[in-house]
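Novice: dropping the sequence and predicted coords here.
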Amino acid sequence: MFPTRRNSTGSWNDWERRTALFGSRLTTSFAAELRPGSPRGTVPFTPMRWSNFHTPTLRDAPADAEAASHRLLIRGGFIRQLHAGHYSMLPLGWRVFRKVAEIIREEMDAIDGQEFQLPTMHPASLWKKSGRWEVMGDEMFRVTDRKGAENALGMTEEEVFAHLAQEVTSYKALPQIWYQMHTKFRDEPRPKSGLLRVREFTMKDAYSLDLDQAGLDTAFDKHHAAYIAMFDRMGLPAVPVDASSGAMGGSGSTEFMVPSPAGEDDVVICSNCDYAANIERATSTLPEVTDRGIPELERFPTPGVRTIKALEEIDGGAPAEHQIKTMVMVLDGQVTLALLRGDHQLNLQKLLDTSGAIDLRPATPEEAHENLGAMPGSLGAVGVEELRIIADHSLLGRSGLTTGANEDDWHYTGVSVERDIAVDEWADLREVSIGEACPMCSTPIEIVRCIEAGHIFKLGTKYAEAMGATVLDPEGTQHPIVMGSYGIGVERAIATIVETHHDDAGMIWPTSVAPFEAVITIVSVKDEASVAGAEALYAELTQRGVDVIIDDRDARAGVKFADAELIGIPHRVTFGPKAFADGEVEYTPRATAETERVSILAIADRLVETISVDR
RNA sequence: CGGGCAGUGGCGCAGGUUGGUAGCGCGCCUCGUUCGGGACGAGGAGGUCGUGGGUUCAAAUCCCGCCUGCCCGACCA
């Protein structure tokens, strides 16, 4: 089986000895010997023969897949869709999953997190206690059992952890960090982009328990650091940004955003200072506007004028920044007016956040007419008493403005907000635009499309109060536990890594999360010498804890190269008959595709070294 | 929830308007020749045409319902 040719360097014996030493283990079939475990962690990875590995790679991606990660994960045989928003993890995908999960686990454990595993079907009563049985609306899957009892499929687990926290009764037991990695269900209105937006997924959700706000701040900072470490280890360039807390409630939250065109969030970033915020929260500094000196409120006819733009252009009209835009919105069934400057856009999330509403939609033209007496295009808030009016800060103190008169084809001019409009609340409703001044340093801001890869919240006492989770302090006073909540989606992280690590040929996994760290490609399975050499290296790398696959398929070299590149294994060693006869193999990093010849004697050390650094 | 598009072997698609026993490429199996960047030849296997009903002598094709998937939209009064 081994080459018998003479070796001029005299070092062949060494090679042969290695072959004998490690090659023999392959015939023993003891699983334990084939699973030496990774030197860095606890995930045992089985070395693999490609000839026996289920990796259904495709030449063509499904025609309807658009996101790069979606196409590549399907083509590479990592995932398959079962139905909309539900994916099966194939062996390749699952290997990546386990590595990503293990990184998350290690970083959670490093901040003293304790791992749990909770049910994912919960009694409705628990969610009714916190009020989220209603708040979550259609996004929560609900299941009725044979007895007619209502259940929720967990979307997140504040309720269950807070319920368990009832057994924490003394300040001496705090702080605690509890977490799990488990399936979550969300009935997304529109699952899309492969693993990026799904209805069933795995989330690492963590919850901190503290005596007071200061403790929560510490726990929050620890998680912030842990998240930075996680994303760094999985190769994701995640940016922490100020975010809306949405349905979670609480006093503050930070999202970890990865710039990508496949994302669904817009993030405002300052190129000069640290300012970064989700567009749902972002603000900017506006230039001063000098009011036009129109002291008297006056109605004037505006036949056919229905838009801000048209009102700018007619005689007696006004530039957009001197108009009031009146948006008629329905908040939890209540018709509400949201007022903005004419040239500004309403951000719906801001309106939701400031109003505390659960559900929000624009009013129909009929509803607008019913409540204000005119159709859209001629609406305004002057003299409106019975409706809730929320106005954007940019209108504060303004006068000489133009707005609809609540009669079709009529507008007001000379409106003083303070004098003429009964504003109930002032709020930040305006969506910032690209190029406006950074609120911290006045540099023009940028807006970047991002994937939300993680989100951490300061919850406060809401859930502890709902569940009755309290502790006694040193003075014997009872306090609700102060909680934080910290989430990261495993599948989304995987997809995001692909979005940010691929080229025309396929994926380029960071070694830390690659399905295999190295692939040994046998160019010709008929060439006994190079096959033996490849087998020996396979055995040695396995023994030395490298997660390796050997491509021993009886296939053409081109097919093997293409598959290895598609699947994105970061390190490739090619055993070709000619080079091997010269005592050499080829080493090709996936990222650079620069092939270099390496002596068969040096390749194992070289790989072990490189891979250890990359991990 | 509104609008659009689409369901035909494992994947990608044609056929449909003009009803007449289902076809192409890739993949898969066998044999041979090949063998360092997705080989070639020959021979094969594999399809309730999403589903239920209707029209008809006859339906992938025409009609109605349903299911499923994909894309866009769901603030700019």
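Specialist: Yep, it's here.

Novice: so which residues on the stretch 301-450 of chain A come close to RNA strand B?
Specialist: Within the stretch 301-450 of chain A, the positions near RNA strand B by C-beta under 7 Å from any atom of the strand are A:306-309, A:325-329, A:345-348, A:361-363, A:365, A:368, A:376-377, A:379, A:404, A:431. C-beta here means a position set from N, CA and C on the backbone, and glycine is covered the same way.

Novice: which of those residues fall within strands?
Specialist: A:325-329, A:345-346, A:361-362, A:404, A:431 (DSSP state E).

Novice: show me the strands in the stretch 251-400 of chain A, by range?
Specialist: Assigned by DSSP state E, counting those that start in this stretch, the strands in the stretch 251-400 of chain A fall at A:252-259, A:265-269, A:276-278, A:298-301, A:324-331, A:334-341, A:345-346, A:360-362, A:388-392.

Novice: want to throw those into JSON lines with mean neighbour count and mean pLDDT?
Specialist: Below are the strands of the stretch 251-400 of chain A laid out as JSON lines (neighbours: other C-beta atoms under 10 Å; pLDDT from 0 to 100):
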{"stretch": "strand A:252-259", "mean neighbour count": "23", "mean pLDDT": "90"}
{"stretch": "strand A:265-269", "mean neighbour count": "21", "mean pLDDT": "89"}
{"stretch": "strand A:276-278", "mean neighbour count": "23", "mean pLDDT": "89"}
{"stretch": "strand A:298-301", "mean neighbour count": "13", "mean pLDDT": "92"}
{"stretch": "strand A:324-331", "mean neighbour count": "22", "mean pLDDT": "89"}
{"stretch": "strand A:334-341", "mean neighbour count": "21", "mean pLDDT": "91"}
{"stretch": "strand A:345-346", "mean neighbour count": "16", "mean pLDDT": "88"}
{"stretch": "strand A:360-362", "mean neighbour count": "14", "mean pLDDT": "81"}
{"stretch": "strand A:388-392", "mean neighbour count": "21", "mean pLDDT": "93"}
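
Novice: hmm, back to that, mind putting the ones in strands among the residues of the stretch 301-450 of chain A next to RNA strand B into TSV with distance to residue A:293?
Specialist: Formatted as TSV, these follow (distance: C-beta to C-beta, whole Å):
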residue	distance to residue A:293
A:325	22
A:326	23
A:327	27
A:328	30
A:329	32
A:345	28
A:346	28
A:361	39
A:362	34
A:404	22
A:431	30
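
Novice: now do the nearest residue to residue A:234 once chain neighbours are set aside, the pLDDT please.
Specialist: Nearest residue to residue A:234, sequence neighbours excluded (C-beta to C-beta, 6 or more residues apart in numbering): residue A:513, at 5.2 Å. As predicted, residue A:513 sits at a pLDDT of 95.

Novice: swap in residue A:175?
Specialist: pLDDT at residue A:175 comes out at 96.

Novice: do the same with residue A:24
Specialist: 41.

Novice: over to residue A:474?
Specialist: Residue A:474 carries a pLDDT score of 95 in this model.

Novice: not counting sequence-adjacent ones, nearest residue to it?
Specialist: Counting by C-beta to C-beta, 6+ apart, the residue nearest residue A:474 is residue A:171, at 6.5 Å.

Novice: touching, the one you found and residue A:470? I think so.
Specialist: No: if you go by C-beta atoms under 8 Å, residue A:171 and residue A:470 don't touch, sitting 10.4 Å apart.

Novice: between those two, what contacts are shared?
Specialist: Contact criterion C-beta atoms under 8 Å, 6 or more residues apart in numbering; residues shared by residue A:171 and residue A:470: residue A:479.

Novice: what count of nearby residues applies to the closest residue to residue A:286 other than its chain neighbours?
Specialist: Spatial nearest neighbour of residue A:286, excluding adjacent residues (C-beta to C-beta, 6+ apart): residue A:394 at 6.3 Å. Neighbourhood size, residue A:394 [other C-beta atoms under 10 Å]: 18.
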